[in-house]
Each structure stands twice: as structure tokens, then as C-alpha cells.
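[1] Need coordinates for the following:
(2 chains)
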Amino acid sequence: MASANKPINTDVPEKDVFALHFLQSLSNLRRQNTFNSPEKTNDRVKKIKKVAYVSMARAAGGTNRLWSRALLRRAAKENNKVVRFPRRKKRVTCLRRRRSNRRDPVEEEEAERLRNLVPGGGGMEISKLMEETAHYIKCLSMQVKVMQCLVDGLAPK
Amino acid sequence: MDPTGVSGARSNGGGATREATGLESLHLGDEFRQDNVGGGFTALLELPPTQAVKLLHFADSPSSSSQAATVTGIVPPLHHSYETLTFPSNSALLMERAARFSGETTTSSVPSTSSVKTEPADETNSSQAAVNNRSGKRKDSDKKTEILKKKKNKSSEENEKLPYVHVRARRGQATDSHSLAERARREKINARMKLLQELVPGCDKIQGTALVLDEIINHVQSLQRQVEMLSMRLASVNPRIDFNLDTILGSENGSLMDGSFSGTAMQVVWPHQVIETEQSYHQRQLQQPQQWPFDVLNQRAWGREEDQVHGNDSANLHPNQVKMEL
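    Predicted coordinates for the structure are as follows:
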């Protein structure tokens, strides 16, 4: 729809929110008995990484953002949990029409790579994809800051 | 009765010119005025006689605001602009008013172009300066209404086809719906690209969308790799430290559901400029409340340093880290 542009909203909550979610999930992880065994580091790594992403998704927007929704759905599928999201009006028909409308070969290549990187990018049009990417970058950098602080705080000196 | 007779004759002549201009604007009126008070053609035809009468009244009593309201029944809000212009009851001004009103009626039917409405006001202001030259004024106002109509034509055509697009096409650009939609889409994409450029460091200097996108993709990849690296480090560090977070988080869970640290006394000493770090967070939990003022000072220092080098933070932590590890 060629309507007037509303200002693009890419607000990301403060660092505290990310920190809180991450620490919560970390403490949940620690409660698992199999976690603290020193041998299986790789599994721990994977779990921590997954936890990091999930907590980031929850902290950043919950289910309001497409990428966070896709992330959470992917994670839930791994755990065989069913996740229910509040149904929002999906303009699927408009999407389909637009995708056939305009295909710029130079941009589409890059857009394809972006789609692979950003979770949930498969069904999106370029403008929406860029919006999600901007928010994703902000959240990622916030999460990196949080984790960096944590690691620095706990690192043996 | 003489002045009224004279002005009556003049208004008739004015009515002729009014009809001339009215006819010019008629074909436009037919196009886009379907739901007007009297219905396109008839409304315009109704106007001149009523306007003649009202304009006469205008000439007699210049401060007739209510009559202005009744005359411009089609254009109720616009009469305000003419209240402020106090015209002497000059019959010469009747012509001007006629042209103005005919311009007004056509503008009233184009709802979205507010900038067009200012043009008649500009017209009157500029033509009011040269009050005495009646014929010259007539030509001027005619010319201006012509230009006005041309511009309106363009915008009204666009607004016809796409009523929800309030875009004024520049002269010479295509106005069919496809190119309009494409142009809007292009603008959207460019706006978002600018946003992304601001986010990713070092992207402003690059020209061309492909390279910028490359840079963005690299940035996202590097961030994801950083997350992976940090999670590896955390995994190696983890078993040593015994987080006593359960109690901390359990107590604060209720108040923190909405994602903001409210409801705790910490909030009072926690200005938003201070970037809170994990260390300081742990500090606050593990230390006694009497030490909070000390805490605040420390945190402010950390907040300032934290952005620069993370190593400083860990250096600050040594005395307190022992407590944590217990």
C-alpha cells in the first residue's frame, strides 16, 4: 500500500532487560543436573548459545517482532513444545503480489543472504526485511554487550 | 439606492466574469464534485445569483461575518481568512471577491490539497495591494486561477486514482499508479537503508546499495560469531562460579515482569545515564544497604569506563569478586 510512511520504530529496551532475561535463563540452566559436569563442554556451549538467543528474543520484543517470533518457534520446535502466538492480521496476499512485482537482481542476491542470516526472513519483502534487520542488529549488539560484561566479570584474573 | 444600483450593475458584470471563470472551472467541477450540496453543475449555477446578492450585502456592511458564512455554505472554514482582510466597500473589490469565490468553490471540492487553498489567499493578498486597477486585477486573478487549476488538475488526477496517496507529483513525472507505487516503495527502501547505514559503523562512506548491504551482512555475521565465542567462554567459566541468582531473581521477579527495574529501592539511585553492568548488579545484591552510597559512586565510574575498555571493569571488581565466588 503506498500510504504515508509512519516513522520506523526500532526501539530496543535497555540493557537491564537483556541482562535480566539472560541471567534468568542461565540460572535455569544451572539447575539442570547434567549441566555442571566439566567434560561435556560442547553441549554446554550449544545450550548456552541457544539460551542466549532465546533470551534475547524474549527480551527484545517477545512476539511483536518477526525475527523473535521465528527464533522462538524454532527453539520450541527443537524442544518439541508447541508455541502459540497471538494471531495477528497477516497480509499474505499483499506479500505475494509484491514479491512478483519487483525483482531487482542486484539487491535480491544480498537480500537472499540477509534472509538466511536473520531468523524469519524467508517470507519477507525487502523493506520489511531491512526493518527487521535493523532491530536484529540492535538487539544482537546489546546481547553481545551483556555477555561480554558477564564474561569479564567472571573471568579469572 | 444609487450606490446599490451601480454596484448591482457592476456585480452583474462581475457575475458575467464570474460565470466565465465559473465555466472554466465547471469541467473540473463535473469531474470530481459528485457529492456536493447542489450537485456539480447546479451548485455552480446557484452560486452567482446568491453571490451577487451576498456580495451586495458585503458591500453595504463590511463586517458581516454571518453572511460570509451563509454565502460560502460550501466553504465554511475559509471565510475566516477574509475576515482579517478588512475591505473598504469598494465595488472594484467585488470582482476580486468573485474570482476568489469561484476559485474557492473549486478548491473546496478537492479535500486534500491544503496548499492549494493557500493560493487563493495569496492571490487576494497580492491583488489587494493593487486595488484600484480593476481590469488588471481581473486579468491577474484569471491568470492565477488558470495556474491554480492546472496544478489542481495534476494533483486531483492522482488523488482520483489513488485516494489514499497524498503525494503531489512533480511536473513531468508519470502519474500512473504503477510508477507511483514503485516510487513510494523505493523511498521506503531508501529510508530503511539509511537507517541501517546509521547502525552499522563505517557504512556512511560507502556509495551504492549493494556494498552497503554487503557491509551489513558482514556486521550481522560478526555479531553472531561474537555471540558464539562469548557463549563458549561462558561455558568454560561457568562451573567455577556459583551464581546465587535464584534468590535475587526470585525476589524481583514480580516487579520485573514488565522488563523494567521498578519497585525496588535501587531504582532511586539508578539514573538512566548509568549503563548498568553485571558486576554492579551483583554488587548491589550482595552488599549491605548501608554501602549503597559507595556503590553509586563506583557504578558511576564503571558506567563511564564501561564503554571504553572492559578490562577496567574487571580490574575494579577484584575486591568484590571474592565475595561473589563464595
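[2] Below-threshold pLDDT in chain B: ranges please.
    By pLDDT under 70, the low-scoring segments of chain B are B:1-174, B:238-326.
[3] Neighbours of B:Glu198, how many?
    11 (other Cβ atoms under 10 Å in any protein chain shown). Where C-beta positions appear, they are placed from N, C-alpha and C, glycine not excepted.
[4] That one and chain A: what is the separation?
    For B:Glu198, the distance to chain A (Cβ to the nearest Cβ, to the nearest Å) stands at 9 Å.
[5] same question, B:Arg185
    7 Å.
[6] Wait, that residue touches A:Lys128, no?
    No: at 11.4 Å, B:Arg185 does not count as touching A:Lys128 under the criterion of Cβ atoms under 8 Å.
[7] Which helix in chain A has the most residues?
    Among the elements of type helix in chain A, defined by DSSP state H, the one spanning the most residues is helix A:126-154.
[8] touching chain B at all, that one?
    Yes: for helix A:126-154 and chain B, the contact criterion (Cβ under 8 Å from any Cβ of the partner chain) is met by A:126-127, A:130-131, A:133-134, A:136-138, A:140-141, A:143-144, A:146-154.
[9] Give me the buried positions along that helix.
    Buried residues in helix A:126-154, counting neighbours by 16 or more other Cβ atoms under 10 Å in any protein chain shown, are found at A:126-137, A:139-140, A:142-154.
[10] any low-confidence regions in chain A?
    Where chain A drops into low confidence, which here means pLDDT under 70, it does so at A:1-6, A:33-41, A:81-105, A:121, A:156-157.
[11] Do a quick rundown of the helices in chain A.
    Read by DSSP H, chain A holds these helices, from start to end of the chain: A:15-31, A:41-60, A:66-78, A:92-101, A:105-117, A:126-154.
[12] so which of those helices is the most packed in?
    Neighbour counts averaged per stretch over the helices of chain A are highest for helix A:126-154, at a mean of 22; criterion: mean count of other Cβ atoms under 10 Å in any protein chain shown.
[13] And it, how far out from the chain middle?
    Average the C-alpha atoms of helix A:126-154, do the same for its chain, and the two points are 9 Å apart (Cα atoms, centre = their mean, to the nearest Å).
[14] Hey, what's the angle from that helix to helix A:66-78? Just curious.
    Angle, helix A:126-154 to helix A:66-78, by axes from the mean of the first three to the mean of the last three Cα atoms, to 10 degrees: 70 degrees.
[15] Please name the residues that touch the closest residue to A:Lys50 other than its chain neighbours.
    Taking Cβ to Cβ, 6 or more residues apart in numbering or on different chains, and ignoring the residues beside it in sequence, A:Lys50 has A:Ala75 as its nearest neighbour in space, at 6.4 Å. With contacts defined as Cβ atoms under 8 Å, 6 or more residues apart in numbering or on different chains, A:Ala75 is in contact with A:50, A:53-54, A:57.
[16] Quick check: A:Ser141 touching B:Leu223?
    Yes: using Cβ under 8 Å as the test, A:Ser141 is close enough to B:Leu223 to be in contact (6.2 Å).
[17] If you count neighbours, what's buried in the helix or strand where B:Ala181 lies?
    Take DSSP states H and E as the rule and B:Ala181 turns out to sit in helix B:177-199. Judged by neighbour count (16+ other Cβ under 10 Å), helix B:177-199 contains these buried residues: B:180-181, B:184-185, B:188-189, B:191-193, B:195-197, B:199.
[18] got the buried residues for the helix or strand hosting B:Gln226?
    Secondary structure here is read from DSSP H and E; on that basis B:Gln226 sits in helix B:209-237. Of the residues in helix B:209-237, those with enough neighbours to count as buried (16+ other Cβ under 10 Å) are B:209, B:212-217, B:219-220, B:223-224, B:226-227, B:229-235.
[19] Just want the angle from it to helix A:15-31.
    Computed by the same axes, to 10 degrees, the angle between helix B:209-237 and helix A:15-31 is 40 degrees.
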